[in-house]
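>>> everything below, folded, please.
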Amino acid sequence: MDLVSRWARVSLGIAICSLAGALGCGTASSSGNSNPSGNSLALGNGSLNFGTVVIGSSATLSDTVTNNTSAAVTVASASVSQSVFQLSSPALPLTLSPGQSANVVVAFAPQAAGAPTGNVVLTTSLAGASPLQITVTGKAVNAGSLAPSPQTVSFGNVALGQSLAENVIVTNPGGSSVTVSQASASSAAFALSGIALPLTIGPGQSSSFTVVFTPKATGAASGSISLTGSASLTNSASGAKTLGQQSESANTTVSVSGDGVTPSAGSLVPNPSSVSFGNVQVGSSKNVSETIANSGNSSISISQAVASGTGFSISGLTTPATLSAGQSLTFTVTFAPKSAGSPSGNVAITSTASNPTLNIPLSATAGASGTLSASPATLSFGTVTVGSTKNLTGSVTAAGSAVTISGAGSNSSEFTLSGLTLPLTLSAGQTANYTVTFAPQSSGTASGTLSFTSNASNGPTEALNGTGQAASQHSVRLGWTASTSTVVGYNVYRGTVSGGPYSLVNSSDPNVSYSDATVQAGQTYFYVVTAVDSQGTESVYSNQAQAIVPSP
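Purely as a prediction, here's the structure:
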């Protein structure tokens, strides 16, 4: 008697269970179909932050929309509340099959400075469902540029065989970095030093170099210093793609002039001829080296050196002092402001030189200490599965004056900071974005504090919180109708392809049910059962049942 006539076929049913209780169990029909959890459309993040984008360029970011229902759903149309944001793809209408996802790509192409916020609203065919909304934000800034100070350098009279140097500060007032690739002087009487190329100047930041005048003959000499650079048009948001041109030119020139004169005996020459400290915050100090040289053929006796002006002082020049012919002496001029303002001062050196009183003008700007703020005040990560991570974006903004951040970090090992390269100097009004990652190490509530160390007058903090949740585990529970013939047990087989091949997952068991706890999240399995008699003979396979294990 064949096995088919000895036993009735085993009728197999199936259920998918979540041990964590989040999904429950769903029973499948004997044909093997099962219905994955979920009954709606879902967005990946629901928000897109483009960070900083330069005016005249554009960038794209994408979110995902996923059909978690058991039927096809059509994304019919989309509307955007701000014209500066545009939906790039997909082409609508778009039909998503069950479980299918599509990228929603949004472009940000600002034409004016500002920080626009808008919404992309997706209307779908899902009955009773509200439209999907993606919040889009960004900041538009001007491209970087070069602004030298001073724009004109006049060296005055410099004796032949001598050199005089002047410092030039070049600032980038734009919102993107500028890379200086070339720097040159148009006349052999002028040279540059103290500039290493290529040189990158960040938004709101400055760099300095020195122009040296060495007259080649008596009489007037003039020329220019040319800086050739390019401003970056790429954006600051992680994951955003910049479209089109990546940079544009950013060039500038500094006019230079001087007069070569015949050297006189015993002349005292300063280098530089004046000292500009730029902007120094109240409570800080800045040192600048100053050199005086004897350009004559006889010794010079220095009897007095005095600094005047609020906040200015000198060190390293002890009087009386003697400079022999051709000898030089370097000392330090310090500016340490106690209050905001734009003071000026002077270093007066009295000597036996042909210029008995040498005056070196001093200038500076004293800025009030800046403040630093972190936004948002609290980063709440919600529930995150243990073993997984979640990222949120925060930002720090300087106000009042430039602020240099020297340190930043969290007091909890479950929250980590990235995206800031320290030390980082922010000009007044400038914002820097960063990323905080929550990686729960165990189930339960986690909290922490993000702190920043800087020269600001305050010390901002940001509260961090989240909840760790144990990873979900799944099992597949099988049940079948007992055979009408005498059997001693049943064998359960499993495969990953419909129709087999199958592998035995249990030993002959008299029970009419079996729970398979070795399944993996996100996988699909196919099961069949056979009956075994006392002789060890097996029946043919039962009907096949399919199990789709949810992810995670």
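
>>> residues near the closest residue to Thr135 other than its chain neighbours, how many?
The shortest distance from Thr135 to any non-neighbouring residue, by Cβ to Cβ, 6 or more residues apart in numbering, is to Ser47 (4.3 Å). To be clear about C-beta, it is placed using only N, CA and C from the backbone, and glycine gets the same treatment. Neighbours of Ser47 under the rule other Cβ atoms under 10 Å: 15.

>>> likewise Ser130?
Other residues close to Ser130 by other Cβ under 10 Å number 11.

>>> what's the answer for Thr365, then?
Applying other Cβ under 10 Å, I find that Thr365 has 16 neighbouring residues.

>>> what's the answer for Val211, then?
Val211 is flanked by 23 other residues according to other Cβ under 10 Å.

>>> what's the domain layout of the protein?
Here the domain parsing of the chain from automatic domain parsing is 3-23+489-548, 37-141.

>>> looking at those, which is closest to Thr416?
domain 37-141 (19.4 Å; Cβ to Cβ).

>>> could you tell me the end-to-end distance of stretch 373-382?
24 Å (Cα to Cα, to the nearest Å).

>>> please read the previous query as pertaining to stretch 403-419.
18 Å.

>>> can you check stretch 423-442 too?
Terminal-residue distance, stretch 423-442 (Cα to Cα): 33 Å.

>>> can you pull out the strands in the stretch 251-400 of the chain?
252-261, 268-271, 275-281, 286-294, 300-308, 312-315, 321-323, 328-335, 344-351, 357-367, 371-375, 378-385, 390-399 (DSSP state E, counting those that start in this stretch).

>>> okay, those in JSON lines with mean pLDDT and distance to Ser208 next?
Listed next are these as JSON lines, based on pLDDT from 0 to 100; distance: least, Cβ to Cβ, whole Å:
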{"stretch": "strand 252-261", "mean pLDDT": "93", "distance to Ser208": "12"}
{"stretch": "strand 268-271", "mean pLDDT": "93", "distance to Ser208": "15"}
{"stretch": "strand 275-281", "mean pLDDT": "89", "distance to Ser208": "8"}
{"stretch": "strand 286-294", "mean pLDDT": "94", "distance to Ser208": "10"}
{"stretch": "strand 300-308", "mean pLDDT": "94", "distance to Ser208": "22"}
{"stretch": "strand 312-315", "mean pLDDT": "96", "distance to Ser208": "19"}
{"stretch": "strand 321-323", "mean pLDDT": "92", "distance to Ser208": "28"}
{"stretch": "strand 328-335", "mean pLDDT": "95", "distance to Ser208": "15"}
{"stretch": "strand 344-351", "mean pLDDT": "95", "distance to Ser208": "20"}
{"stretch": "strand 357-367", "mean pLDDT": "92", "distance to Ser208": "14"}
{"stretch": "strand 371-375", "mean pLDDT": "93", "distance to Ser208": "25"}
{"stretch": "strand 378-385", "mean pLDDT": "92", "distance to Ser208": "38"}
{"stretch": "strand 390-399", "mean pLDDT": "95", "distance to Ser208": "21"}
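
>>> deepest of those strands, which one?
The highest mean neighbour count among the strands of the stretch 251-400 of the chain, using mean count of other Cβ atoms under 10 Å, belongs to strand 268-271: a mean of 21.

>>> quick revisit: so which of the strands of the stretch 251-400 of the chain is nearest Ala456?
That would be strand 371-375 among the strands of the stretch 251-400 of the chain, by Cβ to Cβ, at 4.0 Å.

>>> what's the angle between that closest one and strand 390-399?
160 degrees (axes from the mean of the first three to the mean of the last three Cα atoms, to 10 degrees).

>>> for strand 371-375, name the packing helices and strands.
strand 390-399, strand 403-410, strand 444-454 (3 or more Cβ pairs under 8 Å, 6 or more residues apart in numbering; DSSP states H and E).

>>> quick one: which helix or strand includes Ala220?
Using DSSP states H and E, Ala220 maps to strand 219-232.

>>> re the thing from before, ok, which of the domains of the chain comes nearest Thr449?
Counting by Cβ to Cβ, Thr449 lies closest to domain 37-141 out of those; the figure is 22.9 Å.

>>> quick check: mean pLDDT across the closest one?
If you average the pLDDT over domain 37-141, you get 90.

>>> same deal with stretch 527-543?
On average, stretch 527-543 scores 92.

>>> restricting to C-alpha, output it in PDB.
Written as PDB, here are the backbone C-alpha positions of stretch 527-543 (Å, rounded to 0.1, in the frame of the first residue of the first chain):
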ATOM      1  CA  TYR A 527       7.600  24.500   5.700                       C
ATOM      2  CA  VAL A 528       6.300  20.900   5.000                       C
ATOM      3  CA  VAL A 529       5.400  18.100   7.400                       C
ATOM      4  CA  THR A 530       5.600  14.300   7.100                       C
ATOM      5  CA  ALA A 531       4.100  11.500   9.300                       C
ATOM      6  CA  VAL A 532       6.300   8.600  10.400                       C
ATOM      7  CA  ASP A 533       5.000   5.100  11.400                       C
ATOM      8  CA  SER A 534       6.500   2.600  13.800                       C
ATOM      9  CA  GLN A 535       8.600   1.100  10.900                       C
ATOM     10  CA  GLY A 536      10.200   4.500  10.300                       C
ATOM     11  CA  THR A 537       8.400   4.900   7.100                       C
ATOM     12  CA  GLU A 538       7.600   8.500   6.100                       C
ATOM     13  CA  SER A 539       4.500   9.900   4.300                       C
ATOM     14  CA  VAL A 540       4.800  12.200   1.400                       C
ATOM     15  CA  TYR A 541       5.200  16.000   2.200                       C
ATOM     16  CA  SER A 542       2.100  17.900   3.400                       C
ATOM     17  CA  ASN A 543       1.000  21.100   1.700                       C
END
